[in-house]
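A.B. asks: Sequence and predicted model, in that order:
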There are 2 protein chains.
Amino acid sequence: MRILIADDHDLLRDTLVLYLETESGMETETAATFPEALEAVRKNPPFDLVLLDFSMPGMNGLQGLEIMSVEEGAQRVAIISGTASRDVAEQVLASGAAGFLPKTLSAKSLVNAVRFMSMGEQYAPLDFLRGGEDRPAHPLAEKLSQREYEVLEGLTQGKSNKEIARDLDIREPTVKLHVKTLYRKIGAANRTQAAMIAKDEGLF
Amino acid sequence: MRILIADDHDLLRDTLVLYLETESGMETETAATFPEALEAVRKNPPFDLVLLDFSMPGMNGLQGLEIMSVEEGAQRVAIISGTASRDVAEQVLASGAAGFLPKTLSAKSLVNAVRFMSMGEQYAPLDFLRGGEDRPAHPLAEKLSQREYEVLEGLTQGKSNKEIARDLDIREPTVKLHVKTLYRKIGAANRTQAAMIAKDEGLF
DNA sequence: CTAAATCCTATCCATTCGTATAGGATCCGC
DNA sequence: GCGGATCCTATACGAATGGATAGGATTTAG
């Protein structure tokens, strides 16, 4: 089974390659950037599975996934990420990727996931997706109400109160109240700080 | 040599442990959160070196480093991070940590760095620090003037124009102009978007 | 040296943001 | 059913932000 691992973290790449080859006898190739990965797929196909880091040079988030997906030499493409949130994972899976692998996955689970995906299945850790379907389950997010959570998402996208109000179909004064109360809850002094905090906490 | 590896990415932990033990015969212990790491250090000392992930549950950035540094069982403490920037690295080193290890380091370099640090030296990859000493050298940052760069840093910290003006010792109207022009340069519509863009690009 | 470019400073004004305050709606446990 | 909690709505106002415009200082190219 041939696998291409594209990740700019040498540390992970080096150790993961060793693990996959010694523990499960897979044949691996590596790349540190998205262009390198593309080149590897074109020069040395085919790969049973291509693992792309969500945040590496040239990747540009979902864009890289789209490009790699149409390559002949890449039968299946999966995203691996250390920071991405549930929102991102859902977008990845909706784009038809073979799977989404957070780096909080154990090495053993990853091997199983790789096998699973190369058989044509779509993989994602259930607890990762379930985590937010009903409730945020995040240390910070769980203090916020549903509305406040939605408003905070708007803040992280740099939207104005008016835009958020339109998107959520509520009045602007209401948005302003939610904004103010969520500042208190997360300890922000203004909207920029709120957005940065949410980002640091890995929300959205 | 006993090493404690604290990182919430199981994938890295599993593979790194295997690597360190088989390739260089080090004795490792692991933790997935900062509290776990603290417990390990107290229950099972001493460790020659403690590696702390900069962003893991309970870590709180530099705060975790300070706490761990005063522990008896942790002779030396180093920070490991996949996303932190040069600014953070400098703060870490200034706090008296044994070293700063980006995850872009190769596995081989990491082993060398671990040995180096356990001998009492302070380690940091030179190219990582040098990268921004004279010039930003960043695709996005190099379009900005020095002042605009400094103002943008203030934005990412959620400061008001007035605060930024005070910190840089310039007038507030000037800050407002820099803010406006840097919006144009980086394609932001407001300060929150500017901050998020800078964050995404890994500045600061 | 002159001219262009870049940066710092400044003023004016419309819009947005942040906060306080308050009434009404809904859902819950008791 | 009746508090109590939570959420949505609204008004009002001072503070901060975003944009337009313009003059002066400094640097760089020719």
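C.D. replies: In hand now; what should we look at? From a predicted model like this one, the values you see are computed outputs, not experimental measurements. Numbering: from 1, shown residues only, chains lettered A, B, ... in the order given.

A.B. asks: Can you tell me which helix or strand of chain A has the lowest average pLDDT?
C.D. replies: One helix or strand of chain A scores below all others by mean pLDDT, DSSP states H and E: helix A:126-130, with a mean of 70.

A.B. asks: So the residue most central in space within chain A, which state does it fall into?
C.D. replies: Compute the mean C-alpha point of chain A, and by C-alpha atoms, centre = their mean the closest residue is residue A:84, 3.4 Å away. Put simply, residue A:84 is coil when judged by DSSP: H, G, I helix; E, B strand; the rest coil.

A.B. asks: For it, which residues are in contact?
C.D. replies: A:54-55, A:92, A:100, A:102 (C-beta atoms under 8 Å, 6 or more residues apart in numbering or on different chains). Quick note: C-beta positions are derived from backbone N, CA and C, even for glycine.

A.B. asks: go on, residue A:1?
C.D. replies: Residue A:1 touches A:26-27, A:48-49, A:114-115, A:118, counting by C-beta under 8 Å, 6+ apart.

A.B. asks: and it, how far is that from DNA strand D?
C.D. replies: Remark: distance between residue A:1 and DNA strand D (C-beta to the nearest atom of the strand, to the nearest Å) = 48 Å.

A.B. asks: Tell me the pLDDT of the nearest residue to residue A:145 once chain neighbours are set aside.
C.D. replies: Of all residues not flanking residue A:145 in the chain, residue A:178 sits nearest, at 7.9 Å (C-beta to C-beta, 6 or more residues apart in numbering or on different chains). Looking at residue A:178, its pLDDT stands at 90.

A.B. asks: which element is the residue located most distally from the centre of chain A on?
C.D. replies: Most distant from the centre of chain A: residue A:173, at 33.2 Å, with distances by C-alpha atoms, centre = their mean. Here residue A:173 sits within helix A:172-186, counting by DSSP states H and E.

A.B. asks: and that helix, what does it pack onto?
C.D. replies: helix A:146-156, helix A:161-168, helix A:191-200 (3 or more C-beta pairs under 8 Å, 6 or more residues apart in numbering or on different chains; DSSP states H and E).

A.B. asks: where in chain A is pLDDT low?
C.D. replies: A:129-141 (pLDDT under 70).

A.B. asks: about what we covered before: what's the spacing between the residue nearest to residue A:145 and residue A:122?
C.D. replies: Distance of residue A:178 to residue A:122, computed by C-beta to C-beta, to the nearest Å: 36 Å.

A.B. asks: can I see the domain layout of chain A?
C.D. replies: Listed domain ranges for chain A are A:2-130, A:141-200 (source: automatic domain parsing).

A.B. asks: close enough to count as contact, residue A:75 and residue A:68?
C.D. replies: No - the pair residue A:75 / residue A:68 is not scored as a contact, 11.0 Å apart, by C-beta atoms under 8 Å.

A.B. asks: neighbour count winner among those two?
C.D. replies: Remark: of residue A:75 and residue A:68, residue A:68 carries more neighbours, 22 against 17, as counted by other C-beta atoms under 10 Å in any protein chain shown.

A.B. asks: ok, now which ones touch residue A:123?
C.D. replies: So residue A:123 contacts A:78, A:98-101, A:113, A:116-117 (C-beta under 8 Å, 6+ apart).

A.B. asks: Mind listing the residues bridging to it?
C.D. replies: With beta bridges defined as DSSP bridges, residue A:123 has these partners: residue A:99.

A.B. asks: re the thing from before, residue A:188 versus the residue farthest from the centre of chain A, what's the distance?
C.D. replies: Distance of residue A:173 to residue A:188, computed by C-beta to C-beta: 20 Å.

A.B. asks: cool, residue A:19 as well?
C.D. replies: For residue A:19, the distance to residue A:188 - C-beta to C-beta - is 41 Å.

A.B. asks: Equivalent analysis for residue A:201, please.
C.D. replies: Counting by C-beta to C-beta, the gap from residue A:201 to residue A:188 is 11 Å.

A.B. asks: And these two? Which one has more around it.
C.D. replies: Taking other C-beta under 10 Å, residue A:201 and residue A:188 do not tie; residue A:188 has more neighbours (20 against 15).

A.B. asks: Surely that one is in contact with residue A:200?
C.D. replies: No - judged on C-beta under 8 Å, residue A:188 makes no contact with residue A:200 at a distance of 11.2 Å.
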